[in-house]
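Peer 1: Show me how the following folds:
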Amino acid sequence: MKIEATELRIGNLVFFNKKEHTLRCEDFYYMKKDGIYEAIPLTEQRLENFGFENYKEGYFSYNGFDVATKHASDAYELLKYISNDFYPIQWVQYAHKLQNSYFALTNEELIYNNATQTLPDPS
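Peer 2: Numbering: from 1, shown residues only. From the prediction side, this is the model:
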């Protein structure tokens with residue numbers, strides 16, 4: 001899925017040339033010019049690369065937030081655990097959406113631990 005620049009923030013995980021890439025400020029120039037970035041679907045491995053821990057079948061947790069992986073075939077449910085109960089926040093399908101939701105709720109970045117940092121060739 002092609003991504004619009006308005007959906008993204010510096011630090012978001014995207015596909016660039018079919019490789020995982022963490023956005024930097026300079027990338028927005030290329031995005032506007034070429035529109036070559038694509039959304040990355042969430043997977044259990046990507047959740048782990050964001051720091052989420054698999055604590056039981058179908059559930060991952062990080063910093064007070066849980067992601068339920070078994071509720072929908074194409075989306076994951078972001079949950080907040082408060083007073084012994086889960087509260088649904090949002091369905092997320094792509095890595096950048098999870099990062100943006102996490103930032104909006106915590107004012108902290110959700111860092112991915114396996115993406116390249118190379119910039120596109122300016123030619």
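Peer 1: Please work out how many residues are found near the residue nearest to residue 94 when sequence neighbours are not counted.
Peer 2: For residue 94, ignoring the flanking residues on the chain, the nearest one in space by CB to CB, 6 or more residues apart in numbering is residue 39 at 4.1 Å. Any C-beta I mention is one placed from the backbone N, CA and C, and that applies to glycine too. Using other CB atoms under 10 Å, the number of residues around residue 39 comes to 19.
Peer 1: what does residue 59 give?
Peer 2: Residue 59: 17 surrounding residues under other CB under 10 Å.
Peer 1: which residues touch the residue nearest to residue 94?
Peer 2: Neighbouring residues of residue 39 by CB atoms under 8 Å, 6 or more residues apart in numbering: 1-3, 14-15, 93-97.
Peer 1: try it again with 6 Å
Peer 2: Going by CB atoms under 6 Å, 6 or more residues apart in numbering, residue 39 touches 1, 3, 94.
Peer 1: Keep only those of those residues that are in helices.
Peer 2: Among those, no member is found in helices (DSSP state H).
Peer 1: Take those and write them to TSV, including distance to residue 20, pLDDT and neighbour count.
Peer 2: Below are these laid out as TSV (distance: CB to CB, whole Å; pLDDT from 0 to 100; neighbours: other CB atoms under 10 Å):
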residue	distance to residue 20	pLDDT	neighbour count
1	15	79	9
3	14	83	21
94	12	92	22
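Peer 1: Quick one: residues contacting the closest residue to residue 40 other than its chain neighbours.
Peer 2: Leaving aside its chain neighbours, residue 40 sits nearest to residue 95 (4.4 Å; criterion: CB to CB, 6+ apart). Residue 95 makes contact with 13, 40, 42, 46 under the criterion CB under 6 Å, 6+ apart.
Peer 1: Look up how far residue 113 lies from residue 95.
Peer 2: Distance from residue 95 to residue 113, counting by CB to CB, to the nearest Å: 12 Å.
Peer 1: Quick one: name whatever helix or strand follows the least confident helix or strand in the chain by mean pLDDT.
Peer 2: Every helix and strand in the chain was compared by mean pLDDT, DSSP states H and E; the lowest is helix 27-34, with a mean of 70. Per DSSP states H and E, the first helix or strand lying C-terminal to helix 27-34 is strand 37-38.
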